[in-house]
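Colleague: sequence unknown, structure follows:
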């Protein structure tokens, strides 16, 4: 009867995890969803300890409590202290931990089959599942470490490409599959162990190789993809342990990450294959240097006073934030500016491009942090038709996502990418550090149009100057 | 449980995940990443089994298990708390 209770409890925890994700359909229900998630986790842990129970040495519990306490404390402090602009790195770091945990569980199971498998015998099927979980976990770990390093600026965000890269990746990948097959031939034979460790090594290695060539601007896809991998790794281990909570959760997370990757790719009109092959989109420095000598038109530069004058006489202003806003932490100054405008009777809205920032939903979180009400923030499809009726489009730290070339120039690398139609607004204000092109290395001819005014400089500083000018007027 | 039953659960869960995640509002995609992170750390159960099985003796398997428990705990606490922190910031117009 024990197994029945345990089975039901794991099912319940799986259902609670589904409800946790379901809650995220609206900011109103999301916090309740989060509570369901925590409840589900508590049930899963309690059930496991109960199931493993009876006749245990107390010291094994002590060790577990110590491990949970250390990990929990560290995680809690991290979650409280982290600045919202550093969230993409944090998520990448968390993904790496899930991957590494999967690797350790697989090793633990392999080294102590009596605790994990009926009769202490690892069947061929279990071995395949375990090796898959092991390989995907290891790839998730090393891939996330590189993603973290790129997001944190520890290694260059520029794509790192070398000759024959894809061929090497393919060979390693096939090598891993072969090794998985070899472990499964005779799982209990001592000679199998070497293949097991080779899977670990090769998978770590290919994780590094796969993420290194991917540029900083493609990080939203990478982060989503690694999210997906961490789910599939959990699934593999779930099959090994025959644990329904783990299988359900792994499948949820796996499909969640896959959907996010798809949405991000669609937001750039790129295929997942082209992102994975890499070589596109660094931090913009190299691309900017390359584009610096190109033909230019006349650029109309403006001051904070000009911007303040134009916006206080507007009826409707649409704000378009991009990664530049995150870098300069301009969201608080921006919200202050919008508050003053609203007091002056100006209608203010925010337009978010799906790939703005370094992770899915990055801009929304930063705006929420600055106390921007979420019902003033709109997605691309919801708001794009409104630019035609807006007096001002205020573009802060975004570039490529507004470039009309995406619609008109089939030769352009960003052709076909959905863009925010800021060109349709009566006036477009661009807050940018410099005249450099965006990550795609494409000039934005909007900069040279009569309706456009450029405000060059640090986005936060410029916004603060506009706030001062608005207060004086 | 036999493989077919587990595989059925898996396939159906992928479908459930597919529909539930398409229902997530794009504004909450960052919290979604944090929550999925936290719940995928349910892999902690594997670590617990390995850690408990050695009955207090520290061997390779139980050490691996304990490390897995520690890593997953960072994620569970960190993931849920950072999600909570993000969600608390999403407010409606007053």
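Modeller: That came through fine. Keep in mind that this is a model prediction, so the values were computed, not measured.
Colleague: does residue A:431 count as helix, strand or coil?
Modeller: Following DSSP: H, G, I helix; E, B strand; the rest coil, the label given to residue A:431 is strand.
Colleague: What's the per-residue pLDDT of it here?
Modeller: Per-residue confidence (pLDDT) for residue A:431: 91.
Colleague: Mind checking if the worst-scoring helix or strand of chain B on mean pLDDT is in reach of chain A?
Modeller: Least confident element among the helices and strands of chain B, by mean pLDDT, DSSP states H and E: helix B:44-53 (a mean of 89). Yes - applying C-beta under 8 Å from any C-beta of the partner chain, one finds helix B:44-53 touching chain A at B:44-53. For glycine as for every other residue, the C-beta is placed from the backbone atoms N, C-alpha and C.
Colleague: Run through who's touching that helix.
Modeller: Helix B:44-53 is contacted from outside by A:44-45, A:47-49, A:52, A:56, A:60-61, A:63-64, A:67, A:101-102, A:104-105, A:108-109, A:112, A:114-116, A:237, A:240-241, A:243, A:245-246, B:61-62, B:64-69, B:72-73, B:76, using C-beta atoms under 8 Å, 6 or more residues apart in numbering or on different chains.
Colleague: I would like a ChimeraX command selecting only the buried ones among those, please.
Modeller: The following ChimeraX line selects those of the contacts of helix B:44-53 that are buried, judged by 16 or more other C-beta atoms under 10 Å in any protein chain shown:
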select /A:44,45,47,48,49,52,60,63,64,67,101,102,104,105,108,109,112,115,116,237,240,241,243,245,246 /B:61,62,64,65,66,67,68,69,72,73,76
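Colleague: near chain B, which residues of the stretch 101-250 of chain A show up?
Modeller: Near chain B, when you scan the stretch 101-250 of chain A using C-beta under 8 Å from any C-beta, you find A:101-102, A:104-105, A:107-109, A:111-112, A:114-116, A:125, A:223-224, A:227, A:230-231, A:233-235, A:237-250.
Colleague: try it again with 7 Å
Modeller: A:101-102, A:104-105, A:107-109, A:111-112, A:115-116, A:125, A:223, A:227, A:230-231, A:234-235, A:237, A:239, A:241-250 (C-beta under 7 Å from any C-beta of the partner chain).
Colleague: Now do residue A:271 against residue A:355, distance only.
Modeller: Separation of residue A:271 from residue A:355 (C-beta to C-beta, to the nearest Å): 14 Å.
Colleague: Please apply the same query to residue A:375.
Modeller: 23 Å.
Colleague: Just want to know which of the two has more residues nearby.
Modeller: residue A:355 (29 against 13; other C-beta atoms under 10 Å in any protein chain shown).
Colleague: Setting aside sequence neighbours, what's the nearest residue to the more buried one?
Modeller: residue A:267 (4.1 Å; C-beta to C-beta, 6 or more residues apart in numbering or on different chains).
Colleague: which element is that neighbour on?
Modeller: Assigned by DSSP states H and E, residue A:267 falls within helix A:244-268.
Colleague: by how many degrees do the top helix by length along chain A and helix B:44-53 diverge?
Modeller: Looking across chain A with DSSP state H, the single longest helix is helix A:124-152. Comparing the axes of helix A:124-152 and helix B:44-53 via axes from the mean of the first three to the mean of the last three C-alpha atoms, to 10 degrees yields an angle of 120 degrees.
Colleague: For helix A:124-152, name the packing helices and strands.
Modeller: helix A:87-111, helix A:165-185, helix A:192-211, helix A:219-241 (3 or more C-beta pairs under 7 Å, 6 or more residues apart in numbering or on different chains; DSSP states H and E).
Colleague: quick one, phi psi at residue A:367?
Modeller: Residue A:367 adopts backbone torsions of phi -70, psi -40, taken as degrees, to the nearest 10.
Colleague: was I right about it contacting residue A:348?
Modeller: No - in this structure, residue A:367 is not within contact of residue A:348 by C-beta atoms under 7 Å, at 11.7 Å.
Colleague: Quick check on those two: which one has the bigger neighbour count.
Modeller: Using other C-beta under 10 Å as the criterion, residue A:367 and residue A:348 rank with residue A:367 on top: 26 against 21.
Colleague: so what's the nearest residue to residue B:90 once chain neighbours are set aside up against?
Modeller: The shortest distance from residue B:90 to any non-neighbouring residue, by C-beta to C-beta, 6+ apart, is to residue A:27 (4.0 Å). Applying C-beta atoms under 7 Å, 6 or more residues apart in numbering or on different chains to residue A:27 gives the contacts A:374, B:28, B:87, B:90.
Colleague: now for those residues, which pair is the farthest apart?
Modeller: Distances among these were taken as C-beta to C-beta; the most separated pair is A:374 and B:87, at 10.7 Å.
Colleague: Reformat the helices and strands packed on helix A:124-152 as a markdown table; add distance to residue A:326.
Modeller: Below are these laid out as a markdown table (distance: least, C-beta to C-beta, whole Å):
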| stretch | distance to residue A:326 |
| --- | --- |
| helix A:87-111 | 9 |
| helix A:165-185 | 30 |
| helix A:192-211 | 21 |
| helix A:219-241 | 12 |
